[in-house]
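Trainee: Got a sequence here, can you build the structure:
(chains A, B, C and D)
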There are 2 protein chains.
Amino acid sequence: MRLVVAACSVDYAGRLSAHLPPARRLIMLKADGCVAIHADGGAYKPLNWMNAPNRLVEGEGSWTVTNPAGETLTITITEVLSDTEWELGVDPGLQKDGVEAHLQVLLAEQPQAIEEGLVLVRREYPTDVGPVDLLCKAQDGTTVAVEIKRRGEIDGVEQLSRYVAFLDRDPRLRPVRGLLVAQQVKPQARILATVRGFAWREVDYDTLRGMESTTLRLF
Amino acid sequence: MRLVVAACSVDYAGRLSAHLPPARRLIMLKADGCVAIHADGGAYKPLNWMNAPNRLVEGEGSWTVTNPAGETLTITITEVLSDTEWELGVDPGLQKDGVEAHLQVLLAEQPQAIEEGLVLVRREYPTDVGPVDLLCKAQDGTTVAVEIKRRGEIDGVEQLSRYVAFLDRDPRLRPVRGLLVAQQVKPQARILATVRGFAWREVDYDTLRGMESTTLRLF
DNA sequence: GTGTATATCTCGGGG
DNA sequence: CCCCGAGGTATACAC
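Mentor: This is a model prediction of the structure:
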């Protein structure tokens, strides 16, 4: 990783045009070829950037970064305060826990935690309008399409609407109920879900994990 | 801005749990208090971060960053390769051109570019389900709700559906047509728009700009 | 502040 | 390769 602290102005020409007036900034050049221009604020997002793969041409007082799509980032440097390079090696990568994927796994393992008597048919059930998180059968034989979110918002209800409308056209599945499951279901999503005739349910991640370990102990 | 190149491991505990095994990385501490841990790849996004405002406690071989929500980032440092600080000052900020906002302005100025005889009623017409990009009247007196996107995708059609359904309940506006306008309308969006009874239209940004300058010359 | 929509989103998975 | 969905999304803007 090469770190250049410099007074510079920057121009990006690609999906849009963007210009940065002269100021002191950090120019970060990563080993994979991506370039980022950072100011001293504004969260982690750089002011300007170019993702790898890139071609970097270092001219006299001006660098030009070009990507295969023909987008360019032109950095005009007036003063270099520091220019260092560091060998960082390949990063072992981030280990995550707690995201929707894990919530989906937990609920797939114990659909009865969503609704009594619910049985899993298939996780990520494929349809022409996208994969349904969980396709289940209810105790009374009704098909239930379950949409899982960390936070249940309006777009989750829209997604569920598309799935249910599609599935309900299949005579082998009809009638199909929609069910929105989230750690937290926002008021607007509750209303829209109700209007669309869908049930919604809040679940607790830690409780589910506890139930999982209980299940593992019992069986 | 403080730049620390160090061998470290990192733990985040907050909305999820995330762990970074020991490796050499860049720790970027910005003047506004945000912290970002960068590896030597992976676009501009850091492996781990904490947005401002934060409280940073530098302990012996371990830093703890805490935010008001109680989330923590713990950086365990085993070896410091470099630790520098730079005064960058306040950045003058990025000047952009070409985003949806400008497309909206251009189309508001020349709705006839979307459809012959179309007249603007109001830009950002407010409804209970969000603002409609352009509310127009067609030549035959029909109300037309226009949703503008850079790329027309399925969620744009969903948005338009909500607007049209809402507007169509107003006797002064009924009947209301929906119209999706984008630089590029994706196949799935075309299908869904057609199914919902909406027209869609692709427009060229540069052509619109050209028409604008022509208009300015003529009038 | 909440809610809504955008982003040069980034990132990962599946066909 | 594109398409689609999720994100600790971040960010701006309106109510």
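
Trainee: Parallel or antiparallel, list what pairs with the strand or helix carrying A:Ile75.
Mentor: Element membership for A:Ile75 (DSSP states H and E) is strand A:72-85. Strand A:72-85 has the following strand partners under DSSP bridges: strand A:2-13 (antiparallel), strand A:62-66 (antiparallel).

Trainee: buried ones in the shortest one?
Mentor: I take that to be strand A:62-66. A:63-66 (16 or more other CB atoms under 10 Å in any protein chain shown). Any C-beta I mention is one placed from the backbone N, CA and C, and that applies to glycine too.

Trainee: With just CA atoms, put it into CSV.
Mentor: Output of strand A:62-66 as CSV, limited to C-alpha atoms (Å, rounded to 0.1, in the frame of the first residue of the first chain):
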residue,chain,number,x,y,z
SER,A,62,-0.2,14.8,-12.7
TRP,A,63,-1.3,11.2,-12.4
THR,A,64,-3.8,9.6,-14.6
VAL,A,65,-5.7,6.5,-13.5
THR,A,66,-7.7,4.7,-16.3
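
Trainee: pretty sure A:Leu135 contacts A:Glu147?
Mentor: No - taking contacts as CB atoms under 8 Å, A:Leu135 lies outside contact range of A:Glu147: 10.9 Å.

Trainee: Give me the more crowded residue out of these two.
Mentor: The neighbour count for A:Leu135 versus A:Glu147, taken as other CB atoms under 10 Å in any protein chain shown, is higher for A:Glu147 (25 against 22).

Trainee: Need the residues touching each of A:Leu135 and A:Glu147.
Mentor: Listed as contacting both A:Leu135 and A:Glu147 by CB atoms under 8 Å, 6 or more residues apart in numbering or on different chains is no residue at all.

Trainee: Retrieve the pLDDT associated with the residue sitting furthest away from the middle of chain A.
Mentor: Here the centre of chain A is the reference, and by CA atoms, centre = their mean the most remote residue is A:Glu60, at 40.3 Å. Looking at A:Glu60, its pLDDT reads 89.

Trainee: show me where chain A has helices.
Mentor: For chain A, applying DSSP state H gives helices covering A:100-109, A:154-167, A:187-195, A:205-218.

Trainee: follow-up on the earlier one: can you list the buried residues in the strand holding A:Ile75?
Mentor: Within strand A:72-85, the residues that count as buried by 16+ other CB under 10 Å are A:72-77.

Trainee: Could you pull up the mean pLDDT of stretch A:102-109?
Mentor: Mean predicted confidence for stretch A:102-109 is 87.

Trainee: now do stretch A:80-88
Mentor: Mean pLDDT, stretch A:80-88: 96.

Trainee: Centre of the chain to that stretch, how far?
Mentor: Relative to its chain's centre, stretch A:80-88 lies at 32 Å (CA atoms, centre = their mean, to the nearest Å).

Trainee: got the contact list for it?
Mentor: Stretch A:80-88 is contacted by residues A:1-7, A:24, A:31, B:5, B:23-26, B:39-40, B:81-82, B:84, B:86 when judged by CB under 8 Å, 6+ apart.

Trainee: From these, keep the buried residues only.
Mentor: The buried subset of the contacts of stretch A:80-88 - by 16+ other CB under 10 Å - is A:1, A:3-7, A:24, A:31, B:5, B:23-26, B:39-40, B:86.

Trainee: ok, so of the residues you listed, who is nearest DNA strand C?
Mentor: Relative to DNA strand C, the closest of those is B:Ala39; by CB to the nearest atom of the strand it sits at 9.4 Å.

Trainee: The residue nearest to A:Ala13 when sequence neighbours are not counted pairs with what?
Mentor: Spatial nearest neighbour of A:Ala13, excluding adjacent residues (CB to CB, 6 or more residues apart in numbering or on different chains): A:Thr72 at 5.2 Å. A:Thr72 forms beta bridges with A:Ala13, A:Thr66, as assigned by DSSP bridges.

Trainee: List the contacts of A:Thr72.
Mentor: By CB under 8 Å, 6+ apart, the contact list for A:Thr72 reads A:11-14, A:64-66.

Trainee: show me which of these neighbour DNA strand C.
Mentor: A:12, A:14 (CB under 7 Å from any atom of the strand).

Trainee: could you redo the contacts of A:Thr72 as a markdown table and give each row pLDDT and distance to DNA strand D?
Mentor: Converted to a markdown table, the contacts of A:Thr72 look like this (pLDDT from 0 to 100; distance: CB to the nearest atom of the strand, whole Å):
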| residue | pLDDT | distance to DNA strand D |
| --- | --- | --- |
| A:Asp11 | 93 | 19 |
| A:Tyr12 | 91 | 16 |
| A:Ala13 | 87 | 20 |
| A:Gly14 | 83 | 15 |
| A:Thr64 | 95 | 22 |
| A:Val65 | 94 | 19 |
| A:Thr66 | 92 | 16 |
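
Trainee: Which single one of the contacts of A:Thr72 is nearest to B:Gly130?
Mentor: Minimum distance to B:Gly130 across these is 29.4 Å, recorded for A:Gly14 (CB to CB).

Trainee: Contact residues of chain A facing DNA strand D?
Mentor: Applying CB under 7 Å from any atom of the strand, we find that chain A lies next to DNA strand D at A:42-45, A:96, A:99-101, A:129-131, A:133, A:149-150, A:156, A:159.

Trainee: Now, those that are in strands?
Mentor: The members of the residues of chain A next to DNA strand D that map onto strands under DSSP state E are A:96, A:133, A:149-150.

Trainee: And the residues you listed, which two are furthest apart?
Mentor: Taking CB to CB, the two most distant members of those are A:Lys96 and A:Asp133; they sit 18.4 Å apart.

Trainee: Of these two, which one has the most company?
Mentor: Per other CB under 10 Å, whichever of A:Lys96 and A:Asp133 has more neighbours is A:Asp133, with 24 against 13.

Trainee: Would you agree the more buried one is in contact with A:Glu124?
Mentor: Yes - because the distance of 7.0 Å satisfies CB under 8 Å, A:Asp133 is recorded as touching A:Glu124.

Trainee: Select the helix or strand of chain A having the lowest average pLDDT value.
Mentor: The helix or strand of chain A with the poorest confidence is helix A:205-218; it has a mean of 68 (mean pLDDT, DSSP states H and E).

Trainee: circling back to that earlier point, now tell me which of the residues of chain A next to DNA strand D the prediction trusts least.
Mentor: Ranked by pLDDT, the residues of chain A next to DNA strand D bottom out at A:Val99, which scores 68.

Trainee: On the strand side of things, show who A:Ser62 bridges to.
Mentor: Here A:Ser62 sits in beta bridges with A:Thr76, going by DSSP bridges.

Trainee: Appreciated, that's everything.
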